[in-house]
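K.L.:
Pasting a predicted model and its sequence here:
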Amino acid sequence: MRKNPAESAETHARVSRRALLLGGTQLLFMGGLGMRMRHLQLNQADQFRLLAEENRINIRLIPPARGEIFDRRGVVLARNEPAYRVTLVPEDAGDVDAVIEKLASLIELDPAELDAAATEMRRSPPFLPVTVADRITWEELSRVAVNAPALPGITPEVGLSRFYPLRGDFAHVVGYVGPVSDYDLSKIENPDQLLRIPRFQIGKVGLEGKLEDSLRGKAGTKRVEVNAVGRVMRELDRREGQQGDAVQLTIDQRLQSYAQARLGEESATAIVMDCRSGDLLAVASAPTFDSNLFVQGISVADYRELTENDHRPLAAKSVQGTYPPGSTFKMITALAALEAGIARPDQTVWCPGHLEVSNRRFHCWKRAGHGHVNLAQALRESCDVYFYELALEVGIDNISAMAAKFGIGERFDLPLSGVARGLNPSRDWKRDARSADWVVGDTVNVSIGQGFVLTSPLQLAVMTARLATGLNVTPRLVKSVNGVDAPVAPASNIGIDEAYLNEVRRGMYAVSNHRRGTAYGSRIIEDKFRLAGKTGTSQVRNITAAERARGVTRNEDLPWNRRDHALFVNFAPYEAPEIAVAVVVEHGGGGSKAAAPIARDITLQALYGDAPPLDAYPAKDRQRIKKQQEEMRILEPGRSVTRRDRA
Amino acid sequence: MSYLEYSVKHVPTGPRKILHLNWPLLLLVTAVASVGFLMLYSVAGGSFSPWAEPQMKRYAMGVVLLFIVAMVPIWFWRSVSGAVYIGALVLLILVEVIGSVGMGAQRWIDLGFMRLQPSELMKVALVMALAAYYDWLPPRKTSRPQYVLIPVLLIVIPTALVLRQPDLGTAILLLAGGAIVMFAAGVHWGYFTAVFGMGMGLVFAVFQSRGTSWQLLKNYQYRRIDTFLDPASDPLGAGYHITQSKIALGSGGWTGRGFMQGTQSRLNFLPEKHTDFIFTTLAEEFGYIGAVSLLSLYALIILFCVASAISNRDRYASLLTIGIAGAFFLFFAVNMSMVMGLAPVVGVPLPLVSYGGSAMLVLMLAFGLVQSAHVHRPR
């Protein structure tokens, strides 16, 4: 088949034309691609480079060390401890079960913790570490570290965790931290990014909670490069955070630990306050609990044990509890009457053991009556009828005003959880709260600290301090922050005639030092440390006329939670008051028997600054006190027992 | 002219053929392949394994293949064109039967030492068959409907098979590659206009069929089209590839971030960074200058092929050269359009650069044919 050369040339020319056309079109298209590239790479380069940086750079927070908390002498109450844990990277481990089995032969593993780890492993990418053992000891950590080559994917890690070396002694003052919860976050507006770190420790109650913002510190940041699936490739740079503020308290750790030990397992509270400066030296509440239980999240069993205890260890009775002050309120009634000019100190009242007021019979604690009593005697022997008579004349308005001067019904501004306001009842209050008019019987009840009036132990201590000094002292808990002393406003005069105050003080002195005083049994022999106090016994139940007729049931015969509260307030030394003390023993029975001895022991401990010599006590008590001192288990900061053994 | 006519005595014989190879073209191909080695070394984090080394071995094999093919006279290749086409077609049907399932689509036959993608082979076989057909067909009959139908069937049968796999990218390449040969052979303009109109109709049909019982494409293919049309609609899902690819390209700037400094590819933000998206790594690390340089190398390859085709008076040889250059162009044009967000992600690798065995060997085979056509051109 031969072809025509002319045709052949023609077709070749056509192929060439079309080839050129095709080639030209292709080059044109490539030019278009070049333009597009130019647009992306040159015109939009900045924008895309930014996007690329956003892709690769992640900003990670470095948690700051939490501020430490010290007592007034520099003893550490809350610090940060290295917390040892073991993490596992599933990807590196290969056979996870085999590795965990090997790990279990080295250290004890908690099945619950392993379950949680298994859940986390299923949820997160395999290159992210998962905690398999938390809060292990240094020894366990070293055992893991030594065997690391045989444990692929296992890393022993060191972080910081809160530790309270004095365990329960400051549980109600310092409070505790715990892993941040959704509930915590919901309470905070615009929360710090730090709080988004899983298991970050946040202050829950007490100072830890109230001073959270200052204690937390400022987060550092590090910029890390991550790949598409979020694995950290390297650290680019870091800016260190700032540790939280160091907070020094006015509390004296030795006194606090003593007070806690002295209260023991009673449901009780004791407050010691410097009655000139208002510094709180001890704020004890018993029974207590180990704050460290909460740091990593408390177990259900432990928590149930705490909440089901009828002595309520979780409650800070010292500032949250409110109690009828009982006879400790009588100083207020007396001062109200003295100030109003209704009573004179030497004027006597006849106490037949009861008083008839508007067809109701109000009893004195002493059925037989006290006979003729003046102010000093009435305070000394805690005669109720004397104060009934005074109250009837002076009226609730004066009493309420006097109580307010002494801080009753006032919520003191302390960085503690749930500081109670108490209740200083008045006509207005009753009308608003109870929709009823004030009746004279109410006044009679209030005059001896029963009825509506409620005070917190803190308020009782403030009241006693103001009685002792005649100054408007207010309580203070934080001594300094980062070494800068918190300002103390000089206390103003309370504005009551010093002579009247002296009469009341004399009565209180007699309570503890006169043979017939209600707290004579709990006196101090050492002359320079003599104390002046007042007992109180507040009923938590009504005594019916029928019961009175057949004889009031003795406290010892009642179930625990129906017994009277025992109270005692005092200041010391009598001549030059330094401290004010308030003690409340819930359902402890009588104030003289249950509260006064505790207050006396704590007073001596505070004044001596250490265990007092036995000759400060009455001679017949010394053997018993010696035994008591020997049996007491007082925590010392240096020798606290911890699960962690430090290397 | 047919080989019976031209003076065979001017065609070089024996080892002397090597001197008459189109050396600039071979150098350009090697240059592009070297860019590939460099990029594969970079995306592996500065390592010859797992990609750069096998790729270099395959290139070496490819060069041997190229020489063998180039030494064989072009008239031999013409005579076996039909057989090659039928062989490729049989293999393509075989994939349907025994092909292993990879990436959700049946595309290769396991030969033991390598996985052969018959669709790759078909790209060359189709060009050979069409070139042979038009060489056989008297030029005046070129535009007659019955003679247009035959090449159309030659194109449509493998295209349909590839579409069934389904491999949209290769189907487009086959269709467009075949059309280029037909166009070069001188088929009347009207046919192309008509087909273009029908193509538009088909696109319409494809969109209409979505969600119905006669749906023409697989769901993932529709999603790719969706994300192509609006990548921002799903930046972490299906649009992720396009978005990340554009970020990598764009962040290159003038000179790029430096060799092995590309954060997008090094940190795995780029998908398929060693295959379909390798161009983005180049653009990220070497910037606009690097990207345009590669584009220029490609342009030069096209230019040399077109020049060789025009200078070749043998109809088969010049159609074959134009067809192969056209297929090669389509290869990188579709890939680059894809990574720049101008075309949907259809899974077309960057020729000679992307990691992959079949594509590399078939391309070297194709350039071997171009060399053979060049060496044995009538003088």
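P.N.:
Now that the structure is in, tell me what you want to look at. Bear in mind the structure is a predicted one, so any value in this text is a computation, not a measurement. Numbering: from 1, shown residues only, chains lettered A, B, ... in the order given.
K.L.:
low-scoring stretches of the stretch 201-350 of chain A, by residue?
P.N.:
Within the stretch 201-350 of chain A, the set of residues satisfying pLDDT under 70 comprises A:229-231.
K.L.:
Just list the residues touching the residue in chain B positioned nearest to chain A, thanks.
P.N.:
Taking Cβ to the nearest Cβ, chain A has its nearest neighbour within chain B at residue B:250, 2.6 Å off. Placement of C-beta: from N, CA and C, glycine included. If you count contacts by Cβ atoms under 8 Å, 6 or more residues apart in numbering or on different chains, residue B:250 has them with A:40, A:41, A:44, A:45, A:47, A:48, A:49, A:51, A:52.
K.L.:
From the chain's centroid, how far away is stretch A:174-186?
P.N.:
Distance of stretch A:174-186 from the chain centroid (Cα atoms, centre = their mean, to the nearest Å) equals 13 Å.
K.L.:
show me where pLDDT drops low in chain B?
P.N.:
Looking along chain B with the criterion set at pLDDT under 70, you get B:1-9, B:98-108, B:110-114, B:228, B:230-239.
K.L.:
ditto for the stretch 51-200 of chain A
P.N.:
Going by pLDDT under 70, which is the cut-off in play, the stretch 51-200 of chain A has low-confidence ranges at A:198.
K.L.:
Now it against chain B: closest residue?
P.N.:
Scanning the stretch 51-200 of chain A for proximity to chain B using Cβ to the nearest Cβ identifies residue A:52 as nearest, at 3.9 Å.
K.L.:
these two touch, right, that residue and residue B:263?
P.N.:
Yes: using Cβ atoms under 8 Å, residue A:52 and residue B:263 qualify as a contacting pair, with a distance of 5.7 Å.
K.L.:
What residues sit buried inside the helix or strand containing residue A:9?
P.N.:
Under the criterion DSSP states H and E, the helix or strand holding residue A:9 is helix A:5-38. Taking 16 or more other Cβ atoms under 10 Å in any protein chain shown as the neighbour-count basis, helix A:5-38 is seen to contain the buried residues A:8, A:11-12, A:15-16, A:18-19, A:22-23, A:26, A:30, A:33-34, A:36-37.
K.L.:
Does chain A have contacts with stretch B:132-146?
P.N.:
Yes: in this structure, stretch B:132-146 sits against chain A according to Cβ under 8 Å from any Cβ of the partner chain; the contacting residues are B:138, B:139, B:140.
K.L.:
Of these, select the buried ones using a ChimeraX command.
P.N.:
Selection command for ChimeraX covering only the buried members of the residues of stretch B:132-146 next to chain A, criterion 16+ other Cβ under 10 Å:
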select /B:139
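K.L.:
mind listing what residue A:17 touches?
P.N.:
Residues in contact with residue A:17 (Cβ under 8 Å, 6+ apart): none are found.
K.L.:
Next: residue A:277.
P.N.:
Applying Cβ under 8 Å, 6+ apart, one finds that residue A:277 lies in contact with A:473, A:476, A:488.
K.L.:
Okay, it and chain B: tell me how far apart.
P.N.:
Computed with Cβ to the nearest Cβ, to the nearest Å, the distance linking residue A:277 and chain B is 61 Å.
K.L.:
Tell me the secondary structure of that residue, please.
P.N.:
Applying DSSP: H, G, I helix; E, B strand; the rest coil to residue A:277 yields a three-state assignment of coil.
K.L.:
Likewise for residue B:76?
P.N.:
Of the three states, residue B:76 takes helix under three-state DSSP.
K.L.:
Likewise for the one 3 residues further on?
P.N.:
Using three-state DSSP, the three-state assignment for residue B:79 comes out as helix.
K.L.:
Could you list the residues of the stretch 251-379 of chain B in contact with chain A?
P.N.:
Counting by Cβ under 8 Å from any Cβ, the residues of the stretch 251-379 of chain B near chain A are B:251-254, B:263-264, B:266-269, B:283-284, B:287-288, B:291-292, B:295, B:298-299, B:302-303, B:306, B:309-310, B:313, B:315, B:318-319, B:322, B:325-326, B:329, B:333, B:336-337, B:340, B:342.
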